[in-house]
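Peer 1: I need the structure of the sequence given here:
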Amino acid sequence: MKVKKILISQPQPANGKSPYYDLAEKYNVDIVFRPFIKVEGLTAREFRQQKVSISDFTAVIFTARTAVDHFFRLAEEMRYNVPDTMKYFCTTKNIADYLQKYTVYRKRKIFKAETGKLADLIPFMLKHKEDKYLYAVSEAASPCDAKILDDNKINYTRAVLYRTVSNDFTPDEAFDYDMLAFFSPVGIESLVKNFPDFKQGEIAVATFGANTTKAARDAGLRIDIEVPRPEAPSMPAAIDIFLREQG
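Peer 2: All right, here's what the predicted structure looks like:
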């Protein structure tokens, strides 16, 4: 079956630029950005139920820009003025640069890794072992992610700031896609929730990451495109190969 319409379960790019648009033009396919999931911030009351107070900390660990947004949102809702002395440890340059939306960028208080790995922040943290760290995470984050912090005796507290929930489809919303691209297990869960009688048939399914692939297989789906792999490290590259081979 020729693929004519693809659902990318991510938000539409804000700047109007994306390799997906190049694919749409190259293969004359309709690409729709429609997230199966959405981020929902914890309320100030829910946050307090964790017995955590932002004022107790002198540093924050960020592994996502979403965590940055919800940290400062919660601080504002709780009428806490984040001091200029607060230090920020970010797993990517992108996250570190994003902090400029909320605070003046100073090298002496913002530290960043280049790889996206928490482990690569450890050398910076060891130079600031006197600090008390707030590890800002989502509800779906595994506690095992922080093992590297435990191993290095970092004084931290793990705090959930936001959760990922199903972005439900409306009854009148068309679901006429020839390919579905998923990027998280929660996206698979949302598909099953929204369409309990879903029959894959000839619909191609693409999954990014081992956890997403496992969730799809557990749900009884056939995986037609698995990403990443050496010849296709990204979803656009993998879809490009698939569409080219389909002719």
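
Peer 1: how about the nearest residue to the residue positioned nearest the centre of the chain, chain neighbours excluded?
Peer 2: Centroid-nearest residue in the chain: residue 64, 7.0 Å away (criterion: C-alpha atoms, centre = their mean). Once flanking residues are discounted, residue 64 sits nearest to residue 95: 6.9 Å by C-beta to C-beta, 6 or more residues apart in numbering. The way it works is simple: take the backbone N, C-alpha and C, and place the C-beta from them, glycine included.

Peer 1: Correct me if wrong: the residue nearest to the centre of the chain contacts residue 138.
Peer 2: Yes: using C-beta atoms under 8 Å, residue 64 is in contact with residue 138, at 7.4 Å.

Peer 1: can you tell me which strand in the protein is longest?
Peer 2: If you go by DSSP state E, the chain has its longest strand at strand 156-166.

Peer 1: What pairs with it, parallel or antiparallel?
Peer 2: Under the criterion DSSP bridges, strand 156-166 sits next to strand 37-41 (antiparallel), strand 133-138 (parallel) in its sheet.

Peer 1: List the buried residues in the helix or strand harbouring residue 67.
Peer 2: Following DSSP states H and E, one finds residue 67 within helix 65-77. For helix 65-77, a neighbour-count test (16 or more other C-beta atoms under 10 Å) marks 65-75 as buried.

Peer 1: can you check stretch 195-206 too?
Peer 2: Neighbour-count burial for stretch 195-206, counted by 16+ other C-beta under 10 Å, picks out 203-206.

Peer 1: returning to what we had before: tell me the secondary structure of the residue nearest to residue 64, please.
Peer 2: When classified by DSSP: H, G, I helix; E, B strand; the rest coil, residue 95 comes out as helix.

Peer 1: Contacts only, for it.
Peer 2: Taking C-beta atoms under 8 Å, 6 or more residues apart in numbering, we find residue 95 in contact with 62-65, 68, 112.

Peer 1: Which of those residues sits closest to residue 175?
Peer 2: residue 64 (28.9 Å; C-beta to C-beta).

Peer 1: phi, psi of that closest one?
Peer 2: Backbone torsions for residue 64, taken as degrees, to the nearest 10, come to phi -160, psi 150.

Peer 1: Distance of it relative to residue 28?
Peer 2: 35 Å (C-beta to C-beta, to the nearest Å).

Peer 1: What of residue 146?
Peer 2: Distance from residue 146 to residue 28, by C-beta to C-beta: 47 Å.

Peer 1: Look at the two and report which has more neighbours.
Peer 2: Neighbours were counted for residue 146 and for residue 28 using other C-beta atoms under 10 Å; residue 146 has more, 17 against 9.

Peer 1: and that one, helix, strand or coil?
Peer 2: State at residue 146, reduced to three classes by three-state DSSP: helix.
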